[in-house]
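Participant: how does the following fold in three dimensions:
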Amino acid sequence: MAKKSKKYEEALKVIPEGEVSPLEAMKLVKEISTANFDETVTADFRLGIDTRQADQQLRGTVSLPNGSGKTVRVAVFAEGEAAKAAEEAGADIVGTDEIMEQINAGNIDFDAAVATPDQMGKVGRLGKVLGPRGLMPNPKLGTVTNDVAKAISELKGGRVEYRADRYGICHVILGKKSFTPEALAQNYGAVYDEILRQKPAAAKGKYVKSITASSTMSPGVSIDPAVQRNYDGGAEE
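Facilitator: Next comes the predicted model:
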């Protein structure tokens, strides 16, 4: 096991035992994030689901009210009027055959992909390349659509994907260390709302078992699952 850095060990001393409110957690994460770059802040939701079961899968997207802090490059597979609309909406790469050629050559210079339904016959051939990278357009995620402008706006405006892994843990981006604690807590509240809303009907027992927030280089801070949000001075349970 790798030895932890001195900064990491010092950060552990600041973290209280037990769980804290979302806003207090975000304050602590910012306090103990000492790297010399703008670290990404994330939350890990440990859920009482068995993702090996088809009826207990959990995957989707959620729009963060304060954005993700990340500059997202969007590629759009479209032709004709849809391609024109994509360009006007600020897509970074637009086309079909030319993008496929770049991808097949190993040049994947984008963070998210959108496709119009009529292009999925071609795009589907890229499944083995884009799928493992989480870049495959998906109608359930709103990235296979004729309304490409809306999809681009949402992706660039702070829409992030969540997906429960084989251990039932959802790892979700909340923003950047440079965000205020209140902004991070607001984003956290939006994510929590979405995860509760998408609870699989087949899930049994306690759904949200534990929640931990952390930055790229910091240890985790445990959040009280009973407090959904308290960034406005009060607490809603």
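
Participant: for the lengthiest helix in the chain, buried residues please.
Facilitator: For the chain, the helix reaching the highest residue count under DSSP state H is reported as helix 181-197. Of the residues in helix 181-197, 181, 183-192, 194-195 count as buried by neighbour count, 16 or more other CB atoms under 10 Å. Every residue, glycine included, has its C-beta placed from N, CA and C.

Participant: do stretch 92-99 as well
Facilitator: Judged by neighbour count using 16+ other CB under 10 Å, the buried positions of stretch 92-99 are D92, I93, V94, G95, T96, I99.

Participant: packing partners of the one helix or strand the last one maps to?
Facilitator: Taking DSSP states H and E as the criterion, I99 maps to helix 97-104. With contacts defined as 3 or more CB pairs under 8 Å, 6 or more residues apart in numbering; DSSP states H and E, the secondary structure elements packing on helix 97-104 are helix 120-123, helix 127-130.

Participant: among the buried residues of stretch 92-99, which two are most distant?
Facilitator: The two members of those with the most space between them (CB to CB) are D92 and T96, at 15.2 Å.

Participant: returning to that earlier point: quick check: what element follows the helix holding I99 along the chain?
Facilitator: strand 112-115.

Participant: how about the strands in the protein?
Facilitator: For the chain, the strands defined by DSSP state E cover 40-47, 59-63, 74-77, 93-95, 112-115, 159-163, 169-176, 208-215, 221-223.

Participant: what is the fifth one packed up against?
Facilitator: Counting contacts by 3+ CB pairs under 8 Å, 6+ apart, strand 112-115 packs against strand 74-77, helix 148-157.

Participant: same list, those, but as CSV with mean neighbour count and distance to E24 please.
Facilitator: Formatted as CSV, these follow (neighbours: other CB atoms under 10 Å; distance: least, CB to CB, whole Å):
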stretch, mean neighbour count, distance to E24
strand 74-77, 27, 35
helix 148-157, 20, 28
